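A.B. asks: I need the structure of the sequence given here:
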Amino acid sequence: MDDPTLPSPSSSSSSSSQLNQPPETPARHIERMLNVNHHHRSPSRTIYSDRFIPSRSGSNFGLFDIKSPTNSQSDETSSAYTTLLRAALFGPDSAGVVPSATPDRRGLMNPPNQNIFRFKSETRRSMHSLLPFGFDDDVVTGVHHSPVKTPRKVPRSPYKVLDAPALQDDFYLNLVDWSSNNVLAVGLGNCVYLWNACSSKVTKLCDLGSDDSVCSVGWAQRGTHLAVGTSNGKVQIWDASRCKRVRTMEGHRLRVGALAWSSSMLSSGSRDKSILQRDIRAQEDFVSKLSGHKSEVCGLKWSYDNRELASGGNDNRLFVWNQHSTQPVLKYCEHTAAVKAIAWSPHLHGLLASGGGTADRCIRFWNTTTNSHLSCMDTGSQVCNLVWSKNVNELVSTHGYSQNQIIVWRYPTMSKLATLTGHTYRVLYLAISPDGQTIVTGAGDETLRFWNVFPSPKSQNTGSEIGASCLGRTIIR
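C.D. replies: Model (predicted):
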């Protein structure tokens, strides 16, 4: 039960006075309500109605340079606060403007240049300028605002072109690799040639003879050892610094089209559907055999931590193996064409990219840590190669049928930074320079083209200009 409200003395007197008045007619009631602001106003009583009518006496018109219609004067404290708030909201120029408190109907109707929501270029400030006290942007919370970066421009033309006679137009081979010592190895027919990117010197490393041909080349991660896979199923190890063959290892029955190093371990993939693990320190030709593919193995890549090996085959399968398994620990069957293009991300552990052939045309991304398919991008043409930049979170893909293009992608949005053209055949071969800035592409048009596609590492002031000062076209042999 609510407490009863006792009438106040003023209420009692008001009630007694009302009892002495004659009864109020409806017309009299309406007239009294219309004139409520001019007659019978009590300072201790507020009149309520069914509509909200704002009280002008509580509005701070001086904040917006609108002259107040009231005659009340603000005290000194309120005036100082208003000045400070005006300066914080509208800039220091408005702090010294003191609006007049004298009511002026003409000023209310036509205020010169006094729009409340007018746009001023000088009021486009950071959020810190809205504070009631002045701070510099660089001082508040130690945040330094950098200027907006313009999109990086990738040169659309190669800075160098090398003629590469007899460079085979075979999707399943891997005939180009770039060493950590800045030496490019290229398999041409039955020979392997070395091109020194610093001096542009060309050296013939080996000649396999007329009854054999080069199917793959692969540099060791460090040092000068080069592995060469042959059409006879053998793998040769060469010391490039001395141009001397170190050993020959057998085990495959058919051509060796894929090679991948992991420290002293060398993996070789063959048309005989198998992958052989070889320890070049051991006397045996191979220490284990990996079985799982139903067709030729054409792609092999070790992860950056050397714990996982990814393999792709002409059976449209992508497998992942660990260091000790002889059966794949992960199997991905989403591609609908041969999987040659394989690349591990140097930025995120377990992130793997793969590309499919002509009937597939897609680049797919996988998380091998969680065994999940992350995303898929239809490129519109055969995916021949993939490589990640180690300097930025980007990757480049090379393509065959039907556009023969090179695309630089930004990950994970997969927005195109550049599309490079110039090859007239499928861009089957791809390698990246040791500084991570330059790629070299090879095609059946018997050319090698060098492109500057990635920025230099932030830790370096300037990257090495690999051949950039030597424009033009030369021959690699």
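A.B. asks: The lengthiest helix in the chain: which residues count as buried?
C.D. replies: The longest helix of the chain (DSSP state H) is helix 76-90. Within helix 76-90, the residues scored as buried using 16 or more other C-beta atoms under 10 Å are 82-83, 86-88, 90. C-beta here means a position set from N, CA and C on the backbone, and glycine is covered the same way.
A.B. asks: What is the nearest of those to residue 184?
C.D. replies: Lowest distance from residue 184 to those (C-beta to C-beta) belongs to residue 88, with 62.8 Å.
A.B. asks: any idea how far the closest one lies from residue 267?
C.D. replies: From residue 88 over to residue 267 the distance is 67 Å, taken as C-beta to C-beta, to the nearest Å.
A.B. asks: ok, and what's touching stretch 186-206?
C.D. replies: The contact list for stretch 186-206, computed with C-beta atoms under 8 Å, 6 or more residues apart in numbering, reads 162, 164-168, 173, 175-176, 178, 182-185, 207-210, 212-217, 226, 228, 236, 238, 240, 243, 245, 433, 442, 448, 466-467, 470, 474, 476-477.
A.B. asks: CA atoms only for stretch 157-172 - export them in PDB, please.
C.D. replies: Taking Å, rounded to 0.1, in the frame of the first residue of the first chain, the C-alpha atoms of stretch 157-172 are listed here in PDB:
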ATOM      1  CA  SER A 157      58.300  -5.700 -67.100                       C
ATOM      2  CA  PRO A 158      61.200  -8.000 -66.400                       C
ATOM      3  CA  TYR A 159      64.500  -6.200 -65.700                       C
ATOM      4  CA  LYS A 160      66.500  -9.000 -67.300                       C
ATOM      5  CA  VAL A 161      65.800 -11.800 -69.900                       C
ATOM      6  CA  LEU A 162      68.100 -14.800 -70.500                       C
ATOM      7  CA  ASP A 163      67.800 -17.100 -73.500                       C
ATOM      8  CA  ALA A 164      67.600 -20.700 -72.400                       C
ATOM      9  CA  PRO A 165      67.800 -23.000 -75.400                       C
ATOM     10  CA  ALA A 166      66.200 -26.400 -75.000                       C
ATOM     11  CA  LEU A 167      64.300 -25.500 -71.800                       C
ATOM     12  CA  GLN A 168      61.600 -28.200 -71.900                       C
ATOM     13  CA  ASP A 169      57.900 -27.500 -72.000                       C
ATOM     14  CA  ASP A 170      57.000 -30.200 -69.500                       C
ATOM     15  CA  PHE A 171      54.600 -29.500 -66.700                       C
ATOM     16  CA  TYR A 172      56.000 -32.300 -64.500                       C
END
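A.B. asks: What's the mean pLDDT across that stretch?
C.D. replies: The average pLDDT for stretch 157-172 rounds to 97.
A.B. asks: re earlier: will you turn the buried residues of helix 76-90 into CSV that also has pLDDT and distance to residue 222?
C.D. replies: Output for the buried residues of helix 76-90, formatted as CSV (pLDDT from 0 to 100; distance: C-beta to C-beta, whole Å):
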residue, pLDDT, distance to residue 222
82, 80, 72
83, 80, 70
86, 78, 68
87, 77, 64
88, 75, 61
90, 72, 64
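A.B. asks: What segments of the stretch 251-400 of the chain are strands?
C.D. replies: Per DSSP state E, counting those that start in this stretch, the stretch 251-400 of the chain carries strands over the ranges 256-262, 265-270, 275-279, 288-290, 297-302, 308-313, 318-322, 330-332, 339-344, 351-356, 362-367, 372-378, 383-388, 394-399.
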